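Asks: compute the structure for the input listed below.
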Amino acid sequence: MIISDLVDARILVELRQCGSFAGTARVLKVPTTTVSRRIAKMEERAGLRLFERTSRKVCITEAGEVAAHEAQRMVAAAETAELTIDGLRAVPSGTVSISTPTIFGQALLAPAAAGFLAAYPECALEVDLSDRHVDLIEERFDAVVRVGPPENDEIIAKPLGTVFASLFCGPKAAGCANLDDLATCPVGLMHPGMSATPSLHITSPEGHVHEVSVQPRMIAMNPWLLLETAVRSDLVVVLPDIVAAPAVADGALRRVLPGWHTRRAPVHLAFTSRRLMRPAVRAFIDHMSDVMPGQLLP
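Replies: Residues are numbered from 1 along each chain as shown. Got it, this is the predicted structure:
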């Protein structure tokens, strides 16, 4: 047989898709030499080249397309069998691979993850904290948390709530009573702004957006660094509410201009329905849908 086993089949399918020996090796988590050797063996058995290689790219041949089509059927049949067996189990089991933005994951995911692991002892979580836009399908995540509006109609987006960023200060700061005060306060930002004179777009409780030129004394992409600095200084800082909430509850921070916010964004859990969903993944999605709205505003 040209395709000796499922390893061969998965290599054929991935190599046709990504056109790179190294990329295929990364996806399948095997050495590049294994991919190269397996392809060479299949070509030897076929008596034809399945892929044309140059120093810059790998292109599938007509014979390779025939082999890859059959390989796709083999992989699909194996996955269907595995998922069917999973579905027969009374208790969800196996690893659920997820990705979340760094700040969301660090601020909110731990209680939800702990609750899920306690409720489903035969399940495990593989968590990627990343601020890059991960590809749910190509990188084979079971689900990803995304902040912002859904952007792909092929992906199911389950709303979890809304996150806000607002203004906060510590006990040493005078704070601000209005927007004029904010323009003269020492400010800490999470971004440098787009001009020599940074400005904040801040939204009133009535929904009116105002642009205020500010005087940043500190710029840091890490919100916990800004938080700790605000507690010890007179800075008024922009923080995600989910990061500031524990310090506000403890009295270490107080909200500046209550009811106003500098950013508002929806949060959703994205997953695909292109293949059958494992019970463990369904259990995780249901768990997040139950617990996250209680930690986020509608």
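
Asks: for the lowest-mean-pLDDT helix or strand in the chain, packing partners?
Replies: Here the helix or strand of the chain ranked lowest by mean pLDDT, DSSP states H and E is helix 62-88, holding a mean of 84. When contacts are defined as 3 or more Cβ pairs under 8 Å, 6 or more residues apart in numbering; DSSP states H and E, helix 62-88 packs onto helix 6-18, helix 32-46, helix 279-291. Bear in mind the C-beta positions are built from the backbone N, C-alpha and C, glycine included.

Asks: would you mind finding the most buried of those helices?
Replies: Each of the helices and strands packed on helix 62-88 was scored by mean neighbour count; the highest is helix 6-18, a mean of 21, by mean count of other Cβ atoms under 10 Å.

Asks: returning to what we had before: what would the helices and strands packed on helix 62-88 look like in CSV with mean pLDDT?
Replies: Listed next are the helices and strands packed on helix 62-88 as CSV, based on pLDDT from 0 to 100:
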stretch, mean pLDDT
helix 6-18, 92
helix 32-46, 93
helix 279-291, 92
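
Asks: would you turn those into a markdown table with distance to G94?
Replies: As requested, the helices and strands packed on helix 62-88 are exported to a markdown table (distance: least, Cβ to Cβ, whole Å):
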| stretch | distance to G94 |
| --- | --- |
| helix 6-18 | 18 |
| helix 32-46 | 24 |
| helix 279-291 | 5 |
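
Asks: quick revisit: only the buried residues of the least confident helix or strand of the chain, if you could.
Replies: For helix 62-88, the neighbour count (16 or more other Cβ atoms under 10 Å) marks 63-64, 67-68, 71-72, 74-75, 86 as buried.

Asks: let me know which of the helices and strands packed on helix 62-88 is the nearest to L226.
Replies: Within those, the stretch nearest L226 is helix 279-291; the backing value is 27.1 Å (Cβ to Cβ).

Asks: and for the closest one, what are the contacting residues?
Replies: Contacts to helix 279-291, defined as Cβ atoms under 8 Å, 6 or more residues apart in numbering, come from residues 86-87, 89, 92-96, 98, 111-112, 115-116, 119-120, 123, 125, 142-143, 145, 158, 160, 269, 271.

Asks: what do you get for stretch 168-178?
Replies: With Cβ under 8 Å, 6+ apart as the criterion, stretch 168-178 contacts 167, 181-182, 185, 227, 230-237, 239, 244, 247-248, 251-257.

Asks: what comes up buried for it?
Replies: Residues of stretch 168-178 classed as buried by neighbour count (16+ other Cβ under 10 Å): 168-170, 173, 175-176.

Asks: what's the span of it, first residue to last?
Replies: Using Cα to Cα, to the nearest Å, the end-to-end distance of stretch 168-178 comes to 14 Å.

Asks: mean confidence score for it?
Replies: Per-residue pLDDT values over stretch 168-178 give a mean of 87.

Asks: biggest strand in this structure by residues?
Replies: Taking DSSP state E as the assignment, the strand of the chain that covers the most residues is strand 156-169.

Asks: for stretch 218-237, which outside residues touch it?
Replies: Taking Cβ under 8 Å, 6+ apart as the rule, stretch 218-237 contacts 103, 106, 167-176, 182, 185-192, 217, 238-240, 243-244, 247, 252-253, 256.

Asks: max pairwise distance over the buried residues of stretch 168-178: which two?
Replies: The most widely separated members of the buried residues of stretch 168-178, counting by Cβ to Cβ, are G170 and C176 (13.3 Å).

Asks: OK, contacts around A270?
Replies: Here A270 is in contact with 136, 143-146, 150, 152, 155-158 (Cβ under 8 Å, 6+ apart).

Asks: picking up where we left off before, restricted to buried residues, select the contacts of helix 279-291 in ChimeraX.
Replies: Those of the contacts of helix 279-291 that count as buried under 16+ other Cβ under 10 Å are selected in ChimeraX with:
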select :86,92,93,94,96,98,112,116,120,123,125,142,143,145,160,269,271
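
Asks: show only the entries of the contacts of helix 279-291 found in strands.
Replies: For the contacts of helix 279-291, membership in strands holds for 94-96, 98, 123, 125, 143, 145, 158, 160, 269, 271, with DSSP E as the criterion.

Asks: follow-up on the earlier one: and the contacts of stretch 168-178, which of them are in strands?
Replies: 167, 236-237, 239, 254-256.

Asks: ok, these vs R53, which is closest?
Replies: Nearest to R53 among these, counting by Cβ to Cβ, is L239 at 51.7 Å.

Asks: pretty sure the closest one sits against F164.
Replies: No. Taking contact to mean Cβ atoms under 8 Å, the distance of 9.8 Å between L239 and F164 leaves them out of contact.
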